[in-house]
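In: Sharing a model that was predicted from the sequence below.
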Amino acid sequence: MAGEMKLGAYICKGCGLGERLDCAELAKVAQKEGKAQVVREHDFLCHADGLAMIGNDITAGVNQIAIAACSRRAKAEAFTFDGVCVTRANLREGVIWVHPDTDDARETTQEAAADYVRMACAEAKAMRAPAGNPNRGGSKRILVVGGGISGLTAAREVAAAGYEVLLVEKSDELGGIARHLYRRVPAKEPFTEPQETGLAELVNSVCSNPHITTLINSTIAQTSGAPGRFTVEIASTGGNNRSETVGAIIQASGFTPYNANALTEFSYGRTLDVIDQLGLEKLVAAADGAPITRPSDGKPVKRVVFVQCAGQRSADDGRLPYCSGYCCNTSIKQAMYFKDADPAIDTTIIYSDLRTPGNGEDFYRSAQRKDITFTKGKVSTVTPTAAALKVDFKDLILDQDADIEADLVVLATGQVPNSGIDIETSDEAQAAAADKSILNLTYRQGKDLPQLRYGFTDSHFICFPYETRRTGIYACGPVRRPMDMAQAMDDATGAALKAIQAVENAAAGRAAHPRAGDLSFPQYRREGCTQCKRCTVECPFGAIDEDEKRYPVFNESRCRRCGTCMGACPVRVISFENYSVDTVGAQIKAVDIPDEFSEKPRVLILACENDAYPALDMAGMNNQHYSAFARIIPVRCLGSVNTIWITDALNSGYDAVALMGCKHGIDYQCHFVKGSELATYRASKVDDTLKQMNLEPERVQLFEVAITDALRTPKLIDGLVAKVIEIGMSPLKF
Amino acid sequence: MSDRRMAVGNYRNDFLKEVEANVEDGEWVKMCMQCGVCAGSCPLGPYWEHPPQEIFMMIRAGLRDDVLSSESMWMCTSCYNCIVRCPRELPITHIMHGLANYAHRLGLAPKMNPTRRFAKLFWNNIAAGGRANELKLSLGLYFMDGFATGIKKSLQMLPIGLGMLKTRRLNPFGLLAGGNCKDRKGIQAMLKKAKELEDKRKGFA
Amino acid sequence: MTKQYSFYPGCSSETKASAVNYMTSVNAMCKTLGIALNEIPDWNCCGASIGYAEGGELPRHAMNARNIALSEKHNPGQDIVATCAACWLGAKETQRCLQHSRRLLDDTKTALSEAGLGKDYKGEVPIRHMVEVLIEDIGYEALAKPVVKPLTDIKIAGYVGCQTNRPFGVAGESFENPKYLDKLVETVGGEPAKKYDQKVTCCGGALAFSEPEKSQAQIRKIVESAYDHGAEMIVTPCPVCQMNVEIYQDQINARYGTKFHMPVTYYSQLMTVAYGGTAKQAGLDGNIIRAEKLEKIAAKPAK
């Protein structure tokens, strides 16, 4: 944007603002203190008439706009103007709706409004309109890693949407685990009978699709680049190595069945008549309609017991701590193999909590109708006797020890994800596991996708399930969490659509989720950088590599624009055009600080724009009031909060500072996964600074809030203001 | 639960099959999913030795004697709370009635259970004349355990009886008359036939 | 215009039986509302909730089927109406079971032929509770019209109990919180105790005889909650509920040290009084715990 900056400030009088506030006074503030060249009041700013007024001013040269009206979350589309920076003073949700309409409150309410007008003007002046990431890649082809149900489905869906697919499968055949299944759990009405897997049709549809290139016997030897421009080295067992360019990657590397050899208490491995679920599928497929016989002696099976949660949901070493989710439905299906062939065969499923996701409840009922016996119990041992197997268990309903005889015992063991290397382990451990890597990323932070726990890839469980912590790489199927075939197919479809969004955004130089469409990207002042590597280490998304001189290389398309690097930088050289240490710093400085004896403290709230800020807006919508001494600044993520904002605020006379962000930890809600966790860590380091400044540590607080905390957030603010009044005003006002 | 003395079941389907064949709505037993909502919904739940959910499991476990000699089913007040709340829509009230009746017919039901004895008294009362005779019924109940106890119980209930008499809600001459349909004979023949058919179906004959 | 119904009064409604006052008030109420009750000739007992133990399945169905057959034979085309919850439930249950089982139907007909009714059972006639007739066939609005003495200043707890509510219930009402009694109370100008939380609690039914301690623990909750919600009176649609909740209050007082003295009335008694009936027409002389407030209203001249 060439030429001079020209700021226009617009004060809306609609929605009760005109009645509650002295808008003429606010206009004066915008003009005198905000230094806006154009200042206008309007009765109904978001009306076509008001928008046309702003449009005319833009045509006449206004290129920075401060809108003093409602929250930035309201009317966002109406108040977006191409190529022009817009800031919002939140006078509605942030001022008149959260302060009482009384004579007593009039003065402090007006002061809050005036401060927000000052802040919006100051922020606008510190902003530049972003032009988009220049390092974009144009490849829209999508790589699918893994040719099981998830991978095949993803490939089919991507191709159906008109994009090219490169499908890479490690083994010599497509189909994965599903190849071994005799039937699948029903996926269609009335959900009562096992059904054909449909694998042959799926494989056919993939192999015959001209948009899909399939490579079997192949693995990923190296992945480098960024969305829109990944370079992938593919190694083939035939020695036919090749290099391909793709725009996004779907990792559908699936699972490995838990190794039942560890289950010695169930005599697995000791007798052929104790098998796992996959073993039974093979047995039934081999029988091909004939009576199912015992592996040990070929006698027909007359009594079969299914042991649920075998080696699962256990805290014991070497066992799976989680529920694999698919195994109850699978045992029901397998019991039906027997019952449908011969109703006289006794089939007993011993479970502790029968979990039948999807339409499994109908399937469960169908099994009960077929006289399959369900016994709530916990199996302790399976012992081979002369003629049969003895299954000892505790009946959990009758609260008694019991046993049952069986010809065949089927163990419902779980899924172990094929996630590659755990990049959180030591360098030595990672090196030792190098051949396990799935993607072999050249990223500074490690070769594979970060994991959350139990080896499953990390993804934002609530909001963005397919998103991993590597932009442009999407995990789907049991590598993401334990699941059955129907869920894996849904999952694959979701990941396919996400991958398509990623290549489109990358080509346009825009951010992927959650700031989809954001044209800003991180930039840094190289001459100021001390090569401390904090940004490259702390980026939750592994976006930043290092060049040979250890300067950061941002890989803009891999960046989610959370600003965690900006918050991390001790020398404050990282910024976005429209979000920087200065844009927030200018707002902090713009607030009018009354003197120590005014009895009007000022409390700064840095609120996460994803959860805390909407919660505060909703407080307003719900008529919840909070102190008019608070000044709230939305931030992209608490991870972007640079501690300089806190110390600057305290130095310039604020009485307290609070960070409001998302829950962190294993069940985090942070949109940027690690942002709130890093902020907590950084805030804990502020104490020393406070001591140097001779300030009480209570003046800086961090609150974990959720988007639903509309009633709680006002209490937190009032509590902090009360604390300030208790410990006294800051001595640093002047 | 702590002092239960149950034989260990064989976890075979034979008793379940027997229940399915001979007990009213017995074919529903296998559909229970052991959620326990019935147990939590029963007004006399705390007094049940085995709540319905447990009875169903005992049937599946083959604990025939424990089920049929249990006092549990006799606690049913026929409030139908379990039926309307059962997520699997099992007719639990009917199954409990059916089990009680089956146990009673087999002679396995607890001999001294008061509800069993009252129920027998009641049925005989209505089967005789077609309609209930409330005085005979009450006195029959009080004198169930002999003359002396009967007098004692009658005295306990005397204020209530007098209240009912005073408000003309009890017939002082009920011992002599009342509770009779015109076609007593037809009703008796009908009930005899019905019992005969049922006995044949359920293997009592 | 008089509406014709085939009426199944049930044992407790007989002269000098426990719910005779229910019958008295129902007659008065029906007269006002133009409901003609044509008694099923020679009806018999439904087997009640306790009949299963000795009676079993088929004899019980035979008893109920006999009533249905007699109604279909002598009062053709008329809905069967019962005032007693157990009678209604028993008849309805039999009708359902015979609809669903050919075998039961055949066996029942064989038994019925012993009573000369083998060919008379069709099982097609709707079986209704009196409350259904009131709220469905007449409607709250029309029920309010004959009110000449609104029951102002009486707070009444609507105790619905079990068997008019479960398993069939009244259409449009929930099992957990049926509201029709509250609406009826409002219709006759009374104030319902809307938050009365024991309105569907079981009174113990037949077990009031055989397991008195357990039943009385239930009844205690039912009465106590009515007091807790400010009610001066309980109203119920079921003769067993009425009897159990009313007559054991003294024994409960002795057992628990409570001071219960809560009148328990039938909806038909409220309506009869509101429609200008005398205390005698409303069967108020049949209440052991006198509903004095109702008696006062009944004694006043209509405005």
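Out: On my side now, so go ahead. These figures come from a predicted structure and were not determined experimentally.

In: CA atoms for contacts and neighbours, from now on please.
Out: Will do.

In: Report all helices and strands that the helix or strand where residue A:703 lies contacts.
Out: Taking DSSP states H and E as the criterion, residue A:703 maps to strand A:700-704. Counting contacts by 3 or more C-alpha pairs under 8 Å, 6 or more residues apart in numbering or on different chains; DSSP states H and E, strand A:700-704 is packed against strand A:656-661, helix A:675-684.

In: Just name the most buried of the ones you listed.
Out: Of all the helices and strands packed on strand A:700-704, strand A:656-661 carries the top mean neighbour count, a mean of 27, counting by mean count of other C-alpha atoms under 10 Å in any protein chain shown.

In: quick one: the helices in chain C?
Out: All helices of chain C, identified by DSSP state H, fall at C:20-33, C:52-55, C:58-74, C:85-100, C:102-113, C:130-132, C:140-144, C:180-187, C:207-210, C:212-228, C:239-247, C:249-256, C:267-274, C:292-299.

In: How many residues are close by residue 45?
Out: As the question left the chain open, I've gone with chain A. 25 (other C-alpha atoms under 10 Å in any protein chain shown).

In: Chain B, not that one
Out: 17.

In: can you pull the contacts of it?
Out: B:39, B:51 (C-alpha atoms under 8 Å, 6 or more residues apart in numbering or on different chains).

In: Out of the helices and strands packed on strand A:700-704, which is closest to chain C?
Out: Nearest to chain C among these is strand A:656-661 (41.3 Å), distances taken as C-alpha to the nearest C-alpha.

In: Quick check: bridge partners of the nearest residue to residue C:193 once chain neighbours are set aside?
Out: Once flanking residues are discounted, residue C:193 sits nearest to residue C:157: 4.9 Å by C-alpha to C-alpha, 6 or more residues apart in numbering or on different chains. Bridge pairing for residue C:157 (DSSP bridges) gives the partners residue C:234.

In: per-domain residue ranges of the chain.
Out: In the absence of a named chain, chain A is used. Chain A breaks down by automatic domain parsing into domains covering A:1-129, A:142-254+A:418-507, A:260-414.

In: should've been chain B
Out: Split by automatic domain parsing, chain B gives B:14-106, B:114-201.

In: quick one: the first one to chain centroid distance?
Out: It stands for domain B:14-106. Taking C-alpha atoms, centre = their mean, to the nearest Å, one finds domain B:14-106 lying 12 Å from the centre of the chain it belongs to.

In: so for it, what's the average pLDDT?
Out: The average pLDDT within domain B:14-106 is 95.

In: Straight-line length of it, end to end?
Out: Domain B:14-106 has an end-to-end distance of 17 Å (C-alpha to C-alpha, to the nearest Å).

In: How about the last one?
Out: Domain B:114-201 stretches 28 Å from its first residue to its last (C-alpha to C-alpha).

In: cool, stretch A:660-678 as well?
Out: Counting by C-alpha to C-alpha, you get 13 Å between the two ends of stretch A:660-678.

In: For chain A, give the residue positioned nearest to chain B.
Out: For chain A, C-alpha to the nearest C-alpha, closest residue to chain B: residue A:368, 5.6 Å.

In: Export only the CA atoms of stretch A:592-600, formatted as CSV.
Out: The C-alpha trace of stretch A:592-600 is given here as CSV (Å, rounded to 0.1, in the frame of the first residue of the first chain):
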residue,chain,number,x,y,z
ASP,A,592,-5.6,6.4,29.8
ILE,A,593,-4.2,5.5,33.2
PRO,A,594,-5.8,7.6,36.0
ASP,A,595,-3.5,8.5,38.9
GLU,A,596,-2.8,6.5,42.0
PHE,A,597,-5.3,8.4,44.1
SER,A,598,-8.2,8.3,41.6
GLU,A,599,-9.5,4.9,43.0
LYS,A,600,-9.8,3.8,39.4
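
In: what does the stretch 201-350 of chain A put close to chain B?
Out: Contact residues, the stretch 201-350 of chain A versus chain B (C-alpha under 8 Å from any C-alpha of the partner chain): residue A:346.
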